[in-house]
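Visitor: 3D, please:
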Amino acid sequence: MTIDELVLLLKASQATGLTTLQELILRSSWEGETYAEIASEAHYGEERVKEIAAHLWQVLSNFYKEPIHKSNFRETLENHPQSVAHQQLIKEFNRAATAISLEFPSGPVSFNSRFYIPRPPIEELAYAEMAEPGSVICIKAPKKMGKSSLVLRLLARANKQGFGTVTLDFQQADKAVFASLDKFLRWFCVNVSRELQLEPKLNDYWDEDMGSKVSCSIYFQKYLLPALSSPLVLVLNEVDWVFEYQEIAQELLPLVRSWHKQAKRVEIWQKLRLVLVYSTEILVPIKLTQSPLFNIGLTINLPPFTKEQVQDLAQRHGLDWTDGKDADSLMAMVGGNPYLVRLALYHLVGKGGLKGDLGQLLQQAPTEAGIYNQCLRQYVLALRDQPELGDAFYEVINTTNYVKLEPSLAYQLQSIGLINLEGDVYDGLRLRGTPACELYRLYFQQYLKKSEHFNNTHVEQLKQENQQLSVLSSLDELT
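Guide: Here you go, the predicted structure:
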């Protein structure tokens, strides 16, 4: 049993549920924190925390018919299986709670949401790495795979530990910011300063003779980091936008690596904990993907949901998928893509949905009448703007086994989530790709056929126009 399952069980079984303080005591005690630490975090007196905790241990002892106290709490319950009766309690609680708190799957899953599904050991590995002085965490996954949701939990853990936090989104930067490395790094330093509520003092540390990278490093080392009383978690979101500007990316990535290395010998740099978040939807040159940056710190590739995680999420939506058949049916269509799975569950239980008719939902899924139509249309636009990408994907969806693709096209299709690569092993000079899920295969087999017909018609029209121009060009100037 996990602490999440235990908290959910107590909320479902106790007439008064759990207060915020009771839940905090349970979760903190599970992590081994002392009563003094819990009291400090909750801004309560230690005696009050002990009093509430004693009541909790008595409730748990009565509930499980064995002595439970703080020292044996986790050890006793972690390996304690849920009974059928307890599972039914949670099921009914989820059904009632879902009717009240159903959330449309748009954007990151909020920190307090009951619909966040942990993917162990990813969260714990990320928390542990963030606690390391001078650490770097690289979170890489296509869009809608849960990067932002994980970042929210990293920031919450950082705040809980007393760390400072700053998040920069490169997508919000004006295009003019990327005109030069100097302009970009000055924008970077100014924004970090203001997020820390520090007055920007670039002119005091910037030196043209030393160069932008050295000036930026000095600004952090001599001004920003010394001004902080605690470590700083700096999240760089949408790093893909920097990758589009190769000259800047080729300078920024080694700069980040140098900060990581300096932390091993310069104490002040140990305050900085970097989190880089990117989906690489904008193709990164191969020499950048092989950069030493990607070999430092902790690299997290967010995986799809497992069948057990899909069943867990279904249960949190109030659905009884314990036999696994419905989970298998949904995953046969959309795989374990968190967004596609959650959108299906939302429509199965939400108002105006299909009232639990999974079969109808799956039948309509790869059509324009299906719930995924808007998402699929976004891919259509991406493939239309990049014909080479569309041609490559057309090969993938019309081959029964796998297709050997040029690495540049393979990585780009993988980064936007349309294909899976068969490992990272080259087959000659190409990579082996398969559709990310059956939904994409079925939908685009129809769409790309229509597109192919349109393109052929358009080509014929251009040929006729070209023939007319050839005739005209053969006439003399006077005629």
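Visitor: tell me the centre residue of the chain?
Guide: Lys147 (1.3 Å; Cα atoms, centre = their mean).
Visitor: that one contacts Ile137, doesn't it?
Guide: No. Lys147 is beyond contact range of Ile137, at 11.2 Å (criterion: Cβ atoms under 8 Å). The way it works is simple: take the backbone N, C-alpha and C, and place the C-beta from them, glycine included.
Visitor: contact partners for the residue nearest to the centre of the chain?
Guide: Counting by Cβ atoms under 8 Å, 6 or more residues apart in numbering, Lys147 touches 139, 141, 277, 279, 302.
Visitor: pretty sure Val7 contacts Leu26?
Guide: Yes. Shown here, Val7 and Leu26 form a contact pair, counting by Cβ under 8 Å, at 6.1 Å.
Visitor: can you pull the residues that touch both of those two?
Guide: Leu18.
Visitor: distance of Leu448 from Leu389?
Guide: Separation of Leu448 from Leu389 (Cβ to Cβ, to the nearest Å) stands at 11 Å.
Visitor: find residues that contact each of those two.
Guide: Contacts common to Leu448 and Leu389, judged by Cβ under 8 Å, 6+ apart, are Leu383.
Visitor: what number of residues lie near the nearest residue to Ala263 once chain neighbours are set aside?
Guide: Leaving out its chain neighbours, the residue that sits closest to Ala263 by Cβ to Cβ, 6 or more residues apart in numbering is Gly134, at 2.3 Å. Neighbourhood size, Gly134 [other Cβ atoms under 10 Å]: 22.
Visitor: which pLDDT value belongs to Gly134?
Guide: Gly134 carries a pLDDT value of 96.
Visitor: which ones are touching it?
Guide: 259-260, 262-264, 269-270, 272-273.
Visitor: could I get the contacts of Lys147 as JSON lines with distance to His43, pLDDT and neighbour count?
Guide: Converted to JSON lines, the contacts of Lys147 look like this (distance: Cβ to Cβ, whole Å; pLDDT from 0 to 100; neighbours: other Cβ atoms under 10 Å):
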{"residue": "Ile139", "distance to His43": "32", "pLDDT": "95", "neighbour count": "26"}
{"residue": "Ala141", "distance to His43": "36", "pLDDT": "91", "neighbour count": "21"}
{"residue": "Val277", "distance to His43": "32", "pLDDT": "95", "neighbour count": "24"}
{"residue": "Ser279", "distance to His43": "39", "pLDDT": "82", "neighbour count": "19"}
{"residue": "Leu302", "distance to His43": "34", "pLDDT": "94", "neighbour count": "16"}
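Visitor: excluding chain neighbours, what is closest to Leu389?
Guide: Leu389 sits nearest to Leu383 (Cβ to Cβ, 6+ apart), 5.7 Å away.
Visitor: I'd assumed the one you found was in a helix, is it?
Guide: Yes. Membership of Leu383 in a helix is supported by DSSP: H, G, I helix; E, B strand; the rest coil.
Visitor: for the helix or strand encompassing Ala156, C-alpha coordinates in CSV please.
Guide: Assigned by DSSP states H and E, Ala156 belongs to helix 147-160. Listed next in CSV are the C-alpha coordinates belonging to helix 147-160 (Å, rounded to 0.1, in the frame of the first residue of the first chain):
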residue,chain,number,x,y,z
LYS,A,147,6.3,17.2,-18.0
SER,A,148,4.5,20.2,-16.5
SER,A,149,2.7,18.1,-13.9
LEU,A,150,6.0,16.7,-12.7
VAL,A,151,7.5,20.1,-12.6
LEU,A,152,4.7,21.3,-10.3
ARG,A,153,5.5,18.6,-7.9
LEU,A,154,9.2,19.4,-8.0
LEU,A,155,8.5,23.0,-7.2
ALA,A,156,6.2,22.0,-4.4
ARG,A,157,8.9,19.7,-2.9
ALA,A,158,11.4,22.6,-3.3
ASN,A,159,9.2,25.0,-1.4
LYS,A,160,8.6,22.4,1.3
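Visitor: for the stretch 201-350 of the chain, what spans make up the helices?
Guide: Using DSSP state H, counting those that start in this stretch, the helices assigned to the stretch 201-350 of the chain run over residues 202-205, 212-219, 240-243, 246-262, 286-289, 307-316, 325-334, 338-349.
Visitor: all set, thanks.
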